[in-house]
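A.B. asks: Would you be able to build a 3D model of this:
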Amino acid sequence: MTKLLLKLFIRNRNPQESGTRAAIGKLSGAVGIFCNLLLATAKLVVGILAGAVSVAADAMNNFSDAASSIVTLIGFKLAEKPADSEHPYGHARFEYLSGLAVAALIIVIGFELVKTSLDKILHPSAVVVSVPLIVVLAASMAVKLWMCLFNRKLGKLIDSTALLAVSADSRNDVIATGAVLLATVVEQLTHLAVDGYMGMAVALFILYSGAYLAKQTISPLLGEAASPELRQKIVRVLDGNDRVLGWHDLMVHDYGPGQRFASIHVEMDQKEDPLVCHEIIDDMERLCFEKHQVHLVIHYDPVVTDDPEIQAVKKEIESILTGLDSRLTLHDFRMVRGTGHSNLIFDVALPHDMAGQKASIQQTINDTLQKEDGGVYHTVITFDLVD
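C.D. replies: Numbers count the residues shown, from 1 in each chain. Below is the predicted model:
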């Protein structure tokens with residue numbers, strides 16, 4: 001079914017092509033609206049007829065999923081708007097905003113279901129079990145399982161956290177509906193009034209899902225750090241060129257899927273022709289966008305590679321840093337020679353959990369150099385906090 005829908009509604013499945021992402025997102029939204037409205041209506045009817053508040057709660061969950069699909073569809077539609085003078089980085093963050101709106105809607109519905117289930121716990125009434133009730137719940141689990149796999153495939157195809165979240169929500173719905181079906185069977189066999197309690201469990205589960213989704217969508221809006229996977233993709237573009245001796249200060253700014261901007265410093269031998277270096281940098285920037293849809297800006301750092309004194313002192317300081325913590329690294333190492341002493345100017349990449357150790361690290365470096373080199377070198381250190 002998934003292949004058929006993609007064939008019918010998505011002409012070009014290359015996620016790098018303009019418009020493909022939005023088309024796939026809108027397909028997911030349309031399918032979600034249709035399936036969830038169908039399931040919600042069926043559950044609401046049989047839930048009311050059977051007097052099962054847990055089934056009615058599950059129906060409301062599907063109505064909220066349908067509303068979520070509408071918001072998702074609108075979000076992808078707005079996200080494909082091109083950049084303009086007021087929004088030079090585009091409108092891709094609408095995809096995140098749509099997820100936040102969905103989370104808020106889920107939380108509101110969850111609170112309403114808590115009140116309904118509490119009333120059923122305090123004033124229990126018998127659930128009328130019927131074949132249509134069992135069939136609807138079983139069919140709902142099958143449809144939701146398919147939607148989970150459908151959205152997971154689409155999410156992986158375009159690398160969309162929004163669609164992967166929809167997939168996870170469908171998986172959770174399979175679990176929730178299974179719990180409702182279990183409660184119905186248990187109440188029929190044991191005559192214990194568990195319907196209200198199961199409805200409460202479903203409501204709490206909905207609240208948890210809404211809170212989790214809110215966290216997932218708020219984080220990129222606040223400017224979360226780039227994922228390790230994305231950082232590795234960018235670094236692999238640089239590592240593929242043997243002229244690059246090292247890199248540092250990678251920063252990624254996320255303006256929504258397909259609108260990621262990054263900057264990084266690369267070190268190259270100072271003896272290289274600057275025009276050649278410029279051409280290499282241009283090629284790497286272009287390759288990064290073509291492969292990963294990341295707008296990369298590279299800063300060129302020429303480094304001295306043939307001065308024995310500089311290399312020896314640099315290795316000495318690297319050894320000191322490694323002895324303190326294997327995560328400590330240095331870059332932008334320069335030596336400014338004077339008549340009485342030489343200044344060593346460099347940056348140290350410092351993990352956030354070591355931010356309070358700047359003074360002690362510099363003191364350790366100075367004391368070690370004083371002991372081994374007799375105070376010939378003075379350090380000028382800039383500490384860069386890194387993930």
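A.B. asks: Quick check: what element follows the worst-scoring helix or strand of the chain on mean pLDDT along the chain?
C.D. replies: The helix or strand of the chain with the poorest confidence is helix 2-9; it has a mean of 74 (mean pLDDT, DSSP states H and E). Later in the chain than helix 2-9, the nearest helix or strand by DSSP states H and E is helix 20-50.
A.B. asks: Now find how far off-centre that next one is within its chain.
C.D. replies: Distance of helix 20-50 from the chain centroid (Cα atoms, centre = their mean, to the nearest Å) equals 25 Å.
A.B. asks: Can you list the buried residues in that helix?
C.D. replies: Buried residues in helix 20-50, counted by 16 or more other Cβ atoms under 10 Å: 20-33, 35-37, 39-40, 42-47, 50. Where C-beta positions appear, they are placed from N, C-alpha and C, glycine not excepted.
A.B. asks: next one: stretch 80-95
C.D. replies: Quick answer for stretch 80-95 (16+ other Cβ under 10 Å): Glu80, Gly90, His91, Ala92, Arg93, Phe94, Glu95.
A.B. asks: Pick out the most distant pair among those.
C.D. replies: Greatest spacing in the buried residues of stretch 80-95, by Cβ to Cβ: Glu80 and Arg93 (12.2 Å).
A.B. asks: model confidence over stretch 194-208, on average?
C.D. replies: Stretch 194-208 shows a mean pLDDT of 81.
A.B. asks: Outside of that stretch itself, list whatever touches it.
C.D. replies: 52-54, 56-58, 61, 64, 106-107, 109-111, 113-114, 116-122, 124, 127, 172, 175-176, 179-180, 182-184, 186-187 (Cβ atoms under 8 Å, 6 or more residues apart in numbering).
A.B. asks: I'd like the list of these that fall within strands, please.
C.D. replies: Judged by DSSP state E, these include no members of strands.
A.B. asks: Need the per-residue pLDDT for Gly323.
C.D. replies: 93.
A.B. asks: With the one 4 residues further on instead?
C.D. replies: The predicted structure scores Arg327 at 92 on the pLDDT scale.
A.B. asks: Count the neighbours of it for me.
C.D. replies: 13 (other Cβ atoms under 10 Å).
A.B. asks: tell me the contacts of it?
C.D. replies: Per Cβ under 8 Å, 6+ apart, neighbours of Arg327: Ala349, Pro351, Met354.
A.B. asks: Give the helix, strand or coil label for it.
C.D. replies: coil (DSSP: H, G, I helix; E, B strand; the rest coil).
A.B. asks: Next, give phi and psi for it.
C.D. replies: phi -80, psi -10 (degrees, to the nearest 10).
A.B. asks: could you measure it against Asp249, distance?
C.D. replies: 16 Å (Cβ to Cβ, to the nearest Å).
A.B. asks: May I have the phi/psi pair for Asp306?
C.D. replies: Torsion angles, degrees, to the nearest 10, at Asp306: phi -120, psi 20.
A.B. asks: how much space between it and Gln270?
C.D. replies: With Cβ to Cβ as the criterion, Asp306 and Gln270 are 9 Å apart.
A.B. asks: Same check on Gly240?
C.D. replies: From Gly240 to Gln270 the distance is 22 Å (Cβ to Cβ).
A.B. asks: That's all I had, so thanks and see you.
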